[in-house]
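Trainee: Provided below are the primary sequence and the corresponding predicted coordinates.
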Amino acid sequence: MSLGDYLDVVRRRWISILVITLAVVGVSALYTISSPKLYTATAQNFVALTGESGTSSNPLTGAQFAAQRVKSYTQIVGSPDVLQPVIAELDLPYSASSLASSVSATNPPLTVLIDVAATAASPQEAAAIANAVSVQLGRTIEKLETPNSQTIAPVKVTLTEPAQPPTAPSSPNTRTNLALGLVLGLAFGVGST
């Protein structure tokens, strides 16, 4: 079939294409409306070596050391050592394993930053969790990095940009869902002709 043949079919069947498209967009809208709203807040942390570390005399070596370690630090954000104190502090109705699915940590490339993101049903809870996890992650890292013979941790994690309650939900994404519904509706409508 040529492009002209397709356009001819669309001209003849435009009503059925429109009905199918509107039906799929309607289902997409119902799904979006019925989905629970979730909010994501992000806190930023800075990782630095303290004067007690052996590499602090050379700032470049210290920065390289910190950058290498930061990637590992992001992996412990979901551990019970980090999350259990947060659950107790905020009096959350979650287990450590269920909270772990709502919390993540990333290390932006070429930085010694750790971004901690938390997703919750309310903006205030998302921000509170992100901030509490950031503080507890810092404590846990400092504890892990402190040998028994030292009293001061060689690594310091500082919450530099506390999470703020988000103003809009991160999920469901209304625009994306409706646009996807429109595209799928058109595809089904044209395909059914």
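Mentor: Looks like it came in fine. Everything numeric here is computed off the predicted structure, so don't read it as measured data. Numbers count the residues shown, from 1 in each chain.
Trainee: low-scoring stretches of the protein, by residue?
Mentor: Low-confidence segments of the chain, defined by pLDDT under 70: 1, 51-66, 149-150, 193.
Trainee: Kindly recompute the last result at 80.
Mentor: Across the chain, the ranges flagged by pLDDT under 80 are 1-10, 14, 32-35, 50-68, 147-154, 171-174, 177, 189-193.
Trainee: name the helices or strands packed onto the top helix by length along it?
Mentor: Determined from DSSP state H, the single longest helix within the chain is helix 123-145. Judged by 3 or more C-beta pairs under 8 Å, 6 or more residues apart in numbering; DSSP states H and E, helix 123-145 is in contact with strand 39-49, helix 59-73, helix 80-90, strand 103-106, strand 113-120, strand 155-161. Yep, even glycine has a C-beta here, placed from its N, CA and C like the rest.
Trainee: what's the most buried one of these?
Mentor: strand 113-120 (a mean of 22; mean count of other C-beta atoms under 10 Å).
Trainee: gap between the closest residue to Thr146 other than its chain neighbours and Lys143?
Mentor: With C-beta to C-beta, 6 or more residues apart in numbering as the criterion, Thr146 has its nearest non-adjacent residue at 4.4 Å, and that residue is Ala153. Computed as C-beta to C-beta, to the nearest Å, the Ala153 to Lys143 distance reads 7 Å.
Trainee: Those two: which has the busier surroundings?
Mentor: Ala153 (20 against 10; other C-beta atoms under 10 Å).
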